[in-house]
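> Next one to model:
(chains A and B)
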Protein chains: 2
Amino acid sequence: MEIKVMHQVMEWNEDVSAQVRKTLAERKVCLINVMGSPGAGKTSLITALIARLQEKFAIGVIEGDITGQIDAEKIAALGIPAVQLNTDGACHIEAMSIQRILPQFDLDALDLLFVENIGNLVCPAEFDIGENFRITILSIPEGDDKVKKYPLMFTDTDCLVLNKCDMLPYFDFSLETVAEDYRRVNPEGPLFQVSSRSGEGLTALAEHLEGRIRAALL
Amino acid sequence: MEIKVMHQVMEWNEDVSAQVRKTLAERKVCLINVMGSPGAGKTSLITALIARLQEKFAIGVIEGDITGQIDAEKIAALGIPAVQLNTDGACHIEAMSIQRILPQFDLDALDLLFVENIGNLVCPAEFDIGENFRITILSIPEGDDKVKKYPLMFTDTDCLVLNKCDMLPYFDFSLETVAEDYRRVNPEGPLFQVSSRSGEGLTALAEHLEGRIRAALL
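I've put the predicted structure just below:
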């Protein structure tokens, strides 16, 4: 499968995110914005969710990276339509790039579009890209102080996924600390403990997402 | 020890970084800019290096964080002068903030100033803060594709430290891949494998840094 590489451009983000949201609503496509640090496991989680959701939804993926197309190649190898968005140095994705990329997909044939944002626990949280909802991934090796230190990413999300939970025995990581800090900034937000590698927790997460995707597609 | 909390302001970065560099050269202080992803282990590495360098150099630390003062408290608990710089949402430190903070230290009594940058593998690499040299930390759990995906952080550094090497048995991480990618973008840059937790590799790193610090203080 050929992978298209698109480049990020700048424009008034708020207007454009509203246009993206409108287009996707008309075409009945749910957009999920997946965010987290470099190496939190965004691509692995998307891959694991594709395996659990692809019999229910037709899925596409936009892979955001500063440069290169490593991640889009991984997704395309699964037979899933994938477009690589290169930001050429920029630390987040803006709605204008999503708007430009949407025509690369056959939207009428899609139900669900994952956007993997740039690996960054700061800037992506500031930009609405027209998503229906956001998933923030925090991996166990990153440490349990991250909600305190990067609050916006945990406040402005619809779902917190703690990834690499199979690594809990090897790290000093308090699940209680993270859960408490998260509840403080995001009292309604659900929290899932998963491991994309071991498969732990993925069924519960996929079921939760299925409900949200169906609600978005109504 | 009381911890001062300063706030980030914006100004023309290039002029100010030159002023910071001049001030520190006159006062014989070496500034090391420590960068890496959230949870790469920047604070732990600085702490481990303080233990190995504090008999040779008088050390101070500027702790950069979006919000809060968790890290400055850890450093101050060691009896080391520490100032917390809160960027109030900004994803990197600029030279103007360093210039404003320097008067908080008795520079004539200092030899070495660590600046822990915001946890971010993208934006901090773009800003010269007046440092003598840069250390980039990449931790094993982040994965071995990070040099390809975030090249500037590895190109514009003076030293790459692979941290959490005690976790190598638990992650699919090729040291060869990272070493090759690093050599491609930074042929002269040294690479150290360490674990701040086990202590592995820290003596070699501290010796290397001692040489560079002494050269900067000449």
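> Report the contact partners of the closest residue to residue A:30 other than its chain neighbours.
Nearest non-adjacent residue to residue A:30, counting by CB to CB, 6 or more residues apart in numbering or on different chains: residue A:216, 4.1 Å away. Heads up, the C-betas are built off the backbone N, CA and C, glycines and all. By CB atoms under 8 Å, 6 or more residues apart in numbering or on different chains, the contact set of residue A:216 is A:30, A:132, A:133.
> Let me know how buried the residue lying closest to residue A:170 once chain neighbours are set aside is, in neighbour terms.
Using CB to CB, 6+ apart and skipping the chain neighbours, the partner closest in space to residue A:170 is residue B:170 (6.0 Å). Residue B:170 has 18 neighbouring residues, counting by other CB atoms under 10 Å in any protein chain shown.
> Correct me if wrong: residue B:170 contacts residue A:168.
No: with contact defined as CB atoms under 8 Å, residue B:170 does not reach residue A:168; the gap is 11.3 Å.
> quick one: buried residues of the lengthiest helix in chain A?
Longest helix of chain A, by residue count under DSSP state H: helix A:202-217. Buried residues in helix A:202-217, counting neighbours by 16 or more other CB atoms under 10 Å in any protein chain shown, are found at A:202, A:205, A:206, A:209, A:210, A:212, A:213, A:216.
> Return the distance of that helix from the chain's centre.
When C-alpha coordinates are averaged (CA atoms, centre = their mean, to the nearest Å), helix A:202-217 and its chain have centres 14 Å apart.
> Averaged pLDDT, that helix. What do you get?
For helix A:202-217, mean pLDDT rounds to 98.
> What of stretch A:23-42?
For stretch A:23-42, the mean confidence score works out to 98.
> end to end, how far does that stretch reach?
Stretch A:23-42 has an end-to-end distance of 25 Å (CA to CA, to the nearest Å).
> Next: stretch A:34-42.
Start to finish, the residues bounding stretch A:34-42 are 7 Å apart (CA to CA).
> Please list the outside residues in contact with it.
A:45-46, A:114-117, A:119-121, A:124-125, A:134-139, A:142, A:146, A:153, A:157, A:163-164, A:196, B:37-39, B:119, B:121, B:139, B:141-143, B:146, B:149-150.
> quick one: which of those residues sit in strands?
The strands, defined by DSSP state E, take in A:114, A:115, A:116, A:134, A:135, A:136, A:137, A:138, A:139, A:163, B:139 from these.
> residues contacting the last one?
For residue B:139, the contact set (CB under 8 Å, 6+ apart) comprises A:39, A:141, B:36, B:37, B:39, B:40, B:41, B:162, B:163, B:164, B:167.
> The third one pairs with what?
According to DSSP bridges, residue B:137 are recorded as the beta-bridge partners of residue B:36.
> re the thing from before, of the ones in strands among the contacts of stretch A:34-42, closest to residue B:58?
Lowest distance from residue B:58 to those (CB to CB) belongs to residue B:139, with 28.8 Å.
> Model confidence for that closest one, exactly?
pLDDT recorded at residue B:139 is 98.
> ok, stretch A:84-99 near chain B or not?
Yes: for a cut-off given as CB under 8 Å from any CB of the partner chain, stretch A:84-99 has contacts with chain B, namely A:89, A:91.
> what pLDDT, on average, does that stretch get?
Rounded mean pLDDT across stretch A:84-99 is 93.
> Phi and psi next, for the residue sitting nearest the centre point of chain A.
In chain A, the C-alpha nearest the mean C-alpha coordinate belongs to residue A:34, at 1.1 Å (CA atoms, centre = their mean). With angles defined as degrees, to the nearest 10, residue A:34 sits at phi -100, psi 120.
> ok, it to chain B distance?
According to CB to the nearest CB, to the nearest Å, residue A:34 stands 15 Å off from chain B.
> now the contacts of residue B:139 in CSV, with distance to residue A:75 and neighbour count?
Shown next, in CSV, are the contacts of residue B:139 (distance: CB to CB, whole Å; neighbours: other CB atoms under 10 Å in any protein chain shown):
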residue, distance to residue A:75, neighbour count
A:39, 17, 28
A:141, 24, 26
B:36, 27, 29
B:37, 22, 28
B:39, 25, 28
B:40, 26, 31
B:41, 30, 26
B:162, 27, 25
B:163, 29, 27
B:164, 28, 30
B:167, 27, 19
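> how about JSON lines for those residues, with distance to residue B:14 added?
Converted to JSON lines, the contacts of residue B:139 look like this (distance: CB to CB, whole Å):
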{"residue": "A:39", "distance to residue B:14": "31"}
{"residue": "A:141", "distance to residue B:14": "36"}
{"residue": "B:36", "distance to residue B:14": "24"}
{"residue": "B:37", "distance to residue B:14": "26"}
{"residue": "B:39", "distance to residue B:14": "31"}
{"residue": "B:40", "distance to residue B:14": "27"}
{"residue": "B:41", "distance to residue B:14": "30"}
{"residue": "B:162", "distance to residue B:14": "31"}
{"residue": "B:163", "distance to residue B:14": "30"}
{"residue": "B:164", "distance to residue B:14": "34"}
{"residue": "B:167", "distance to residue B:14": "39"}
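> Give me every residue in chain A lying close to chain B.
Within chain A, the positions near chain B by CB under 8 Å from any CB are A:37-39, A:65-68, A:70, A:89, A:91, A:118-123, A:126, A:139, A:141-143, A:145-146, A:148-152, A:164, A:167, A:170.
> Show the buried residues in these.
For the residues of chain A next to chain B, a burial check counting by 16+ other CB under 10 Å picks out A:37-39, A:65-68, A:91, A:118-123, A:139, A:141-143, A:145-146, A:148-152, A:164, A:167, A:170.
> Now, those residues that are in helices?
A:146, A:148, A:149, A:151, A:152.
> Neighbour-wise, which one of the contacts of residue A:216 leads?
Using other CB under 10 Å as the neighbour criterion, residue A:30 leads the contacts of residue A:216 with 23 neighbours.
> And that one, how close does it get to residue A:23?
13 Å (CB to CB, to the nearest Å).
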